[in-house]
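S.K.: Structure for this input, please:
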Amino acid sequence: MSSSNPTPYCNDSAPEADGRFIVAEPIPEPDQAKLFDLGFPAKAGDFPQIRFMGSKYRLLPWIHTVLSDLTFESAADAFSGSGCIGYMFKSMGKRVASNDFLNLGTTLAKALIENPGRQLSNGSLEMLLETDKDHERFIEKTFSGIFYTPKDLHFLDQTSWNIRKLTDPHEQAIARAALIRSCAKRQPRGVFTISGDLDHYKDGRRDLKLSLREHFLEQVQVYNAAAFDNGQRNSAHCGDVFDWQLPEPPDLVYMDPPYVPRADDNCYMKRYHFLEGLSCYWEGKTIMPDTKVKKIEKPFTPFSYRKNAIDAFDSMFRKFADSTLVLSYSSNGYPDLAVLHRLMRKYKRTVEVFERAHRYHFGTHQAVKRAQVKEYLIIGV
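M.R.: The predicted structure follows:
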């Protein structure tokens, strides 16, 4: 890496004391506006941000700056989440393969990463808004009095039913992504752990005033504007990262797995179960009937448990050992940075760690809501 990139605070040649890395002072919080002037692809700014736990959206310029001197034509985003990293890679002209273990993340990636520039046509939009008396009423029956108004729930059922009539898979993905973002914007704090009378959350914000139909009409335009063709054959896959089979090793693999936090928890299903269900109309999903908000059963991932996490990271690094490895990680996670550095060093000759201070505005209580952490990019080449 050239000197134009931020200086890594530790690498293989750094001296050690008492078996630990000697760590320099953290890199100061950079000016976001200046970073956007340093070759950051303009199209990446069109990404429709979704309030998503652990999202790297606000870190995109920094991540781009760190990776800018790496040579790669293809990239795999192994845990795509909101899709912002994959969208950045696509905006850079890379061939992108995207994966997520939730159908929610795969739907968003299919809409904007795999999608070769298809938009939801006016004719398709009109069809989605039509009334079909034969439509299912699963959402109305299941979530009445839990989320949204009866009118909003009726709209979700009707529109979800009509989405199935679309023949183009990328039009379907755009429509579903627009529904997902509409629901996330309409729900206080964007999470589905709260329900019932939510009047005390209404603080005059426009997002909480609009109906889901009004949100949807706006979000279709947002996703249509964000869809583009970068001249590459991109893909979106849903499944366990260890079962993901790629035709050939990508030049670079970006990894941002869930991890064991030192406080709170990292259960995406608890927070976004409604969006996960909406992405596939709850097909193949098991609802926990005794839960107040009708949560979906949590799929297993070894990264979320202390007894499995270290082996999971080791297996992941081994799986993608033929590619440049890029791991996003946070100082509030388990295992420790030194452990991850040692694990990656088993498979890569050179491992560098870049650091940036970051404040997450998320959570259910004040201590977590504005937690200051250090974000790491661990790069093995």
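
S.K.: Give the residue spans of the chain that score low on pLDDT.
M.R.: 1-38, 196-203, 261-266, 358-371 (pLDDT under 70).

S.K.: Would you tell me which helix is longest in it?
M.R.: Longest helix in the chain, counting residues (DSSP state H): helix 169-186.

S.K.: which is the next helix or strand following that helix?
M.R.: For helix 169-186, the succeeding helix or strand toward the C-terminus, using DSSP states H and E, is helix 212-226.

S.K.: Output the contacting helices and strands for that following helix.
M.R.: Judged by 3 or more C-beta pairs under 8 Å, 6 or more residues apart in numbering; DSSP states H and E, helix 212-226 is in contact with helix 150-163, helix 169-186. Bear in mind the C-beta positions are built from the backbone N, C-alpha and C, glycine included.

S.K.: Give me the contacts around that helix.
M.R.: For helix 212-226, the external contacting residues (C-beta atoms under 8 Å, 6 or more residues apart in numbering) are 46-48, 87, 111-112, 119-120, 125, 129, 148, 152, 155-156, 159, 174-175, 177-179, 181-183, 185-186, 207, 210.

S.K.: which of the residues you listed are buried?
M.R.: Buried members of those, scored by 16 or more other C-beta atoms under 10 Å, are 46-48, 87, 111-112, 119-120, 125, 148, 152, 155-156, 159, 174-175, 177-179, 181-183, 185-186, 210.

S.K.: what about the strands in this structure?
M.R.: With DSSP state E as the criterion, the chain has strands at 16-17, 20-21, 74-77, 95-100, 235-238, 252-255, 260-261, 324-330, 333-334, 351-361, 370-380.

S.K.: Surely residue 194 and residue 146 touch.
M.R.: No. Using C-beta atoms under 8 Å, residue 194 makes no contact with residue 146, being 9.7 Å away.

S.K.: And the residue lying closest to residue 151 once chain neighbours are set aside, how far from residue 163?
M.R.: Spatial nearest neighbour of residue 151, excluding adjacent residues (C-beta to C-beta, 6 or more residues apart in numbering): residue 211 at 6.8 Å. Applying C-beta to C-beta, to the nearest Å, the value for residue 211 to residue 163 is 18 Å.

S.K.: same check, this time on residue 85
M.R.: Taking C-beta to C-beta, one finds residue 85 at 26 Å from residue 163.

S.K.: Can you name the residues that contact the spatially closest residue to residue 192 that is not a sequence neighbour?
M.R.: Spatial nearest neighbour of residue 192, chain neighbours left out: residue 274 (4.2 Å); criterion: C-beta to C-beta, 6+ apart. By C-beta under 8 Å, 6+ apart, the contact list for residue 274 reads 143, 147, 183, 187, 192, 293.

S.K.: ok so, going back, more crowded one of residue 211 and residue 163?
M.R.: Neighbour count, other C-beta atoms under 10 Å: between residue 211 and residue 163, residue 163 has more, with 21 against 15.

S.K.: can you pull the contacts of the residue nearest to the spatial centre of the chain?
M.R.: Centroid-nearest residue in the chain, with C-alpha atoms, centre = their mean: residue 81, separated by 2.1 Å. By C-beta under 8 Å, 6+ apart, the residues touching residue 81 are 52, 54-55, 100, 105, 256.

S.K.: got a winner among those for most neighbours?
M.R.: Highest neighbour count within the contacts of residue 81: residue 105, with 27 neighbours (other C-beta under 10 Å).

S.K.: my read: that one touches residue 86, true?
M.R.: No. Counting by C-beta under 8 Å, residue 105 does not reach residue 86; the two are 9.6 Å apart.

S.K.: Spit out the residues that contact these two alike.
M.R.: Contacts common to residue 105 and residue 86, judged by C-beta under 8 Å, 6+ apart, are residue 80.

S.K.: circling back to that earlier point, could you check the distance from the residue nearest to residue 192 over to residue 126?
M.R.: From residue 274 to residue 126 the distance is 27 Å (C-beta to C-beta).

S.K.: Residue 334 now?
M.R.: Counting by C-beta to C-beta, the gap from residue 334 to residue 126 is 51 Å.

S.K.: likewise residue 206?
M.R.: Separation of residue 206 from residue 126 (C-beta to C-beta) stands at 25 Å.

S.K.: same question, residue 60
M.R.: Distance check for residue 60 against residue 126: by C-beta to C-beta, it reads 35 Å.

S.K.: Between these two, point out the one with more neighbours.
M.R.: Neighbours per residue (other C-beta under 10 Å) separate residue 60 from residue 126, with residue 60 holding more: 24 against 9.

S.K.: didn't that one look like it was pressed against residue 46?
M.R.: No. With contact defined as C-beta under 8 Å, residue 60 does not reach residue 46; the gap is 12.0 Å.

S.K.: Now for the two: what residues contact both?
M.R.: Among the neighbours of residue 60, none is also in contact with residue 46 (C-beta under 8 Å, 6+ apart).

S.K.: residues touching the residue nearest to residue 151, list them.
M.R.: Shown in contact with residue 211 (C-beta under 8 Å, 6+ apart): 149, 151-152, 155.

S.K.: What of residue 258?
M.R.: For residue 258, the contact set (C-beta under 8 Å, 6+ apart) comprises 54, 79, 266, 268, 301, 303-304.

S.K.: do that again at 7 Å, thanks
M.R.: Residues in contact with residue 258 (C-beta atoms under 7 Å, 6 or more residues apart in numbering) are 266, 268, 301, 303-304.
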